[in-house]
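Asks: What follows is a protein structure lacking sequence information:
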Ligand SMILES: Cc1cc2nc3c(=O)[nH]c(=O)nc-3n(C[C@H](O)[C@H](O)[C@H](O)COP(=O)(O)OP(=O)(O)OC[C@H]3O[C@@H](n4cnc5c(N)ncnc54)[C@H](O)[C@@H]3O)c2cc1C
Ligand SMILES: [Zn+2]
């Protein structure tokens, strides 16, 4: 069974305690968006076979949304981080690269800046 | 290559082979070396890919076709599914393509001269909540208008058809059911094998153990695929790879509204015949039929997050079995022999995609999710039409990729929560 550590309350939660929320870091498209942009935001998914960033809610715990980095092929968990984080943290990137040296983050700079 | 299919598995052939200790059977399909160009390359030798090839040849006379498969043919979801066949869908475009498939299944053994063991034993979808009662009655009305014969049956009739069922609950009482007498099962491997043999007989190449690793395009037009066995050029390319559709689309430079999740099934030890219909219980995410060998074939729910593990989460089995034991108390002491998973390709509206793509000459057939085995012949038929003509015929028209942009969903997710 998949186990993720909630970054808020620190509980190691089994998947039955969690609710999945799909791909993380999607950019919300505002009213000025084009049909293509809306389609991309609502439906087009990376559906990665490999390093995947995703949203989870600690539904039967503290109730908060958080993010996880997980390998969808091996089920290895590289780490979890708070939902307010724009990208996975450097240590998570490090873990992922150790497991998959060929993988590179697809955001410009792997930084650990935390906003809000 | 001449088509010589008739009589190959006749009773005389079996008698003759019996005398020779069954050493003389020849392979059902050829394993050719790939050529460096085909008119049409189909990626994925599951049921849908093979059926696409078959109807390209049969309906359009296009036989310069290769079906390229990374593993063995039928080794994906086609060989992992619980083989339920039905056409009692809610929306008109769904009813049309699934019923086309069912009609083709009815004659498939004759058409392919290969016994696919189609068994129209009847199928009941149990209503176990008030919501389902309303939903299935609505489906019956819709099916009546679509010309698909289904009926609403009361609990007593359910009990008559399925003597081993417990209709009393307490947690999930059976309130009635949606019954399709023409529904049933078929032998999954035989469907793949039958199509593969027929394709091979038409001179098409079914190339196994040959993973597609890249797609070459130029000026927005497909040129070739790169494979484990070299570059293969093509005029048209059909991607029919179920759970790996996003990976192939990425090779061609576009994204799909697909997410891949594991779906699992379990099979019990064989027992005496006890249930001669297929029973689906969508509220509790379980469904069951008895195979010809006597095993109870049980399917469950999908994992709720993306994964490619062909395994699935343990707690889903627990949930499925817990609920089925209440509905079928006699299975509580059965031993389960095997468990496995397949990676199913889910769309937001739970309907398939048969479509042209942003790249010229590339077509996709995917999104069949948890329920595409039943659709194989109809899907192949419609896909062949799309690939041959470059535009969809009436069966595929509603299933284009543009429906996501335009909001014209073919919404089957409300109609059938699990749907197989
Ligand atoms: C447990 C389970 C139960 C199910 N039960 C039912 C049911 O009862 N009724 C029903 O109607 N449907 C059911 N389904 C769904 C059904 O199995 C699928 O919708 C259907 O088989 C899909 O067929 P396909 O040909 O599209 O895909 P597949 O059979 O998966 O074929 C795709 C092929 O593409 C190949 N491939 C992938 N990537 C590459 C590559 N890069 N290069 C070359 N080849 C590649 C794969 O190896 C695979 O063989 C079930 C599925 C599962 C997993
Ligand atoms: Zn928590």
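Replies: Here it is on my side, so go on. Model, not experiment: these values are computed from the prediction. Ligands and ions are numbered 1, 2, ... in the order given.
Asks: ranges for the strands of the stretch 101-250 of chain B?
Replies: Taking DSSP state E, counting those that start in this stretch, the strands of the stretch 101-250 of chain B run over residues B:123-127, B:151-153, B:176-180, B:184-185, B:205-207, B:212-218, B:221-227, B:230-239.
Asks: can you give me phi and psi for residue B:84?
Replies: When read as degrees, to the nearest 10, the backbone of residue B:84 gives phi -80, psi 130.
Asks: which one of the strands of the stretch 101-250 of chain B lies closest to residue B:406?
Replies: strand B:230-239 (22.0 Å; Cβ to Cβ). For glycine as for every other residue, the C-beta is placed from the backbone atoms N, C-alpha and C.
Asks: The closest one vs ligand 1: in contact?
Replies: No: using Cβ under 6 Å from any ligand atom, strand B:230-239 never reaches ligand 1; the gap is at least 8.7 Å.
Asks: and residue 90, how many neighbours?
Replies: Chain wasn't specified; assuming chain A. Look at residue A:90: counted by other Cβ atoms under 10 Å in any protein chain shown, it has 12 neighbours.
Asks: wrong one, I was asking about chain B
Replies: Neighbour number of residue B:90 under other Cβ under 10 Å is 20.
Asks: and what of residue B:29?
Replies: 19.
Asks: Pretty sure it sits against residue B:195.
Replies: No: using Cβ atoms under 8 Å as the test, residue B:29 is too far from residue B:195 to be in contact (9.7 Å).
Asks: Next to ligand 2, which bits of chain A? Give me the list.
Replies: A:6, A:8, A:9, A:58, A:61, A:62 (Cβ under 5 Å from the ion).
Asks: Recalculate using a threshold of 8 Å.
Replies: Proximity of chain A to ligand 2, by Cβ under 8 Å from the ion, involves residues A:6-11, A:13, A:58, A:61-64, A:66.
Asks: List, one by one, the residues from chain A near chain B.
Replies: A:1-2, A:15-16, A:19-20, A:22, A:35-36, A:38-40, A:42-49, A:52, A:54, A:72-73, A:75 (Cβ under 8 Å from any Cβ of the partner chain).
Asks: Go ahead and build a ChimeraX selection from the buried members of these.
Replies: Selecting only the buried entries of those in ChimeraX, with 16 or more other Cβ atoms under 10 Å in any protein chain shown as the criterion:
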select /A:2,15,19,20,38,39,40,43,44,45,46,47,48,49,52,54,72
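Asks: quick one: which of the residues of chain A next to chain B sit in strands?
Replies: A:19, A:20, A:22, A:52, A:54 (DSSP state E).
Asks: Assign a three-state SS to the closest residue in space to the second one that isn't next to it in sequence, would you?
Replies: The reference is to residue A:20. Distances taken as Cβ to Cβ, 6 or more residues apart in numbering or on different chains place residue B:305 nearest to residue A:20, at 4.1 Å, with adjacent residues excluded. At residue B:305, secondary structure determined by DSSP: H, G, I helix; E, B strand; the rest coil is coil.
Asks: Distance of residue B:305 relative to residue B:354?
Replies: In this view, residue B:305 and residue B:354 are 27 Å apart by Cβ to Cβ, to the nearest Å.
Asks: Out of the two, name the residue with the larger neighbour count.
Replies: residue B:354 (31 against 23).
Asks: What sits closest to the more buried one if chain neighbours are left out?
Replies: Residue B:354's closest residue in space is residue B:396 (Cβ to Cβ, 6+ apart), at 4.1 Å.
Asks: what's the one you found in contact with, if anything?
Replies: B:97, B:354, B:355, B:382, B:383, B:385, B:386 (Cβ atoms under 8 Å, 6 or more residues apart in numbering or on different chains).
Asks: Look up how far chain A lies from the third one.
Replies: I take that to be residue B:355. Per Cβ to the nearest Cβ, to the nearest Å, residue B:355 is found 13 Å from chain A.
Asks: looking at this, that residue is in a strand?
Replies: Yes: counting by three-state DSSP, residue B:355 is part of a strand.
Asks: Let me know whether it touches residue B:363 as I believe.
Replies: Yes: contact criterion Cβ under 8 Å: residue B:355 and residue B:363 qualify, at 6.8 Å.
Asks: Tell me which of these two has more neighbours.
Replies: residue B:363 (25 against 21).
Asks: from what I can see that one touches residue B:236, true?
Replies: Yes: using Cβ under 8 Å, residue B:363 is in contact with residue B:236, at 7.0 Å.
Asks: anything in contact with each of those two?
Replies: Common neighbours of residue B:363 and residue B:236 (Cβ under 8 Å, 6+ apart) are residue B:387.
Asks: Now for the closest residue to ligand 2 within chain B: which residues touch it?
Replies: Across chain B, no residue is closer to ligand 2 than residue B:305, which sits at 17.2 Å (Cβ to the ion). Contacts for residue B:305 were tallied using Cβ under 8 Å, 6+ apart; they are A:2, A:15, A:20, A:54, B:261.
Asks: and of the ones in strands among the residues of chain A next to chain B, the nearest to residue B:22?
Replies: residue A:52 (48.5 Å).
Asks: Give me the distance between the closest one and residue B:207.
Replies: 31 Å.
Asks: Return the residues of chain B in contact with ligand 1.
Replies: Checking chain B against ligand 1 by Cβ under 6 Å from any ligand atom, the hits are B:43-49, B:68-71, B:75-78, B:80-84, B:211-212, B:240-242, B:244, B:263-265, B:299, B:342, B:344, B:368, B:370-374, B:420.
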